[in-house]
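*Asks:* Quick check, what structure comes out for this input:
(chains A and B)
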Amino acid sequence: TQLLEQSPQFLSIQEGENLTVYCNSSSVFSSLQWYRQEPGEGPVLLVTVVTGGEVKKLKRLTFQFGDARKDSSLHITAAQPGDTGLYLCAGEGYKLSFGAGTTVTVRA
Amino acid sequence: NAGVTQTPKFRVLKTGQSMTLLCAQDMNHEYMYWYRQDPGMGLRLIHYSVGEGTTAKGEVPDGYNVSRLKKQNFLLGLESAAPSQTSVYFCASSWTVSGANVLTFGAGSRLTVL
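*Replies:* Just a heads-up that it's a prediction; the model follows:
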């Protein structure tokens, strides 16, 4: 059983559409991190959120940390093929725990 | 800056053989980690190190050993490989962002045990 549950597991959308990926847990975290991983590469950090209710925007990506610090979401506006990849959330408690990931495919 | 470098990138072993995965980082990070990544299971921590000369077990340490003789290097060993150890292995080092411990990963080492 994963400490962090990500949904959906797979997501395939057309270029220009919006998408949201969720990361949920029953545990409270001191920080929540999002990584993106491309095939054959290691995960790369996208953002870290540390305050309950915090919202961070990076160009077309919006990250939100839940008020209770147990969940997070990643929203991508007007997705592009370059957004294709595996999106991983990670919660920091006494150690860093990863979700299983959401595989996002953006079709041109 | 090379960041985190892992070698080899690919390796095929027979059951019972031994091997060592090498990880080097040039960022002067204290903390280093070894993870394995399997489909549908995310990244699971094998072993980690909080500094030169110290190592500790993660959540799936059985069948693996590690050493951190130098700050920049973290080695992962398999003494007697088993098919269940077929996986992609990632080394990482960590730094602090806004008080959070975040990771820089290597490109991975894909191991197949026949």
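
*Asks:* Low-confidence regions, the chain specifically.
*Replies:* Looking at chain A here, since you left the chain open. A:1-2 (pLDDT under 70).

*Asks:* that's the wrong chain, I wanted chain B
*Replies:* B:1.

*Asks:* and it, which residues reach chain A?
*Replies:* B:4, B:40-45, B:58, B:90, B:92, B:97-108 (CB under 8 Å from any CB of the partner chain). C-beta coordinates here come from the backbone N, C-alpha and C atoms, glycine included.

*Asks:* buried subset of those residues?
*Replies:* For the residues of chain B next to chain A, a burial check counting by 16 or more other CB atoms under 10 Å in any protein chain shown picks out B:4, B:42-45, B:58, B:90, B:92, B:100-108.

*Asks:* Among the residues you listed, name the ones in strands.
*Replies:* Per DSSP state E, strands hold the following members of these: B:4, B:42-45, B:90, B:92, B:100-105.

*Asks:* Now for those residues: which two are most distant?
*Replies:* B:Arg44 and B:Ala100 (20.2 Å; CB to CB).

*Asks:* residue boundaries of the strands in the chain?
*Replies:* I'll assume chain A. Counting by DSSP E, the strands of chain A are A:5-7, A:10-14, A:19-24, A:31-37, A:44-49, A:55-58, A:61-65, A:71-76, A:85-92, A:96-98, A:102-107.

*Asks:* my bad, chain B
*Replies:* B:4-7, B:10-13, B:19-25, B:32-38, B:42-51, B:54-57, B:65-67, B:73-78, B:87-97, B:100-105, B:109-113.

*Asks:* right, and those strands - which one's nearest A:Pro8?
*Replies:* strand B:42-51 (15.0 Å).

*Asks:* Alright, I will stop here.
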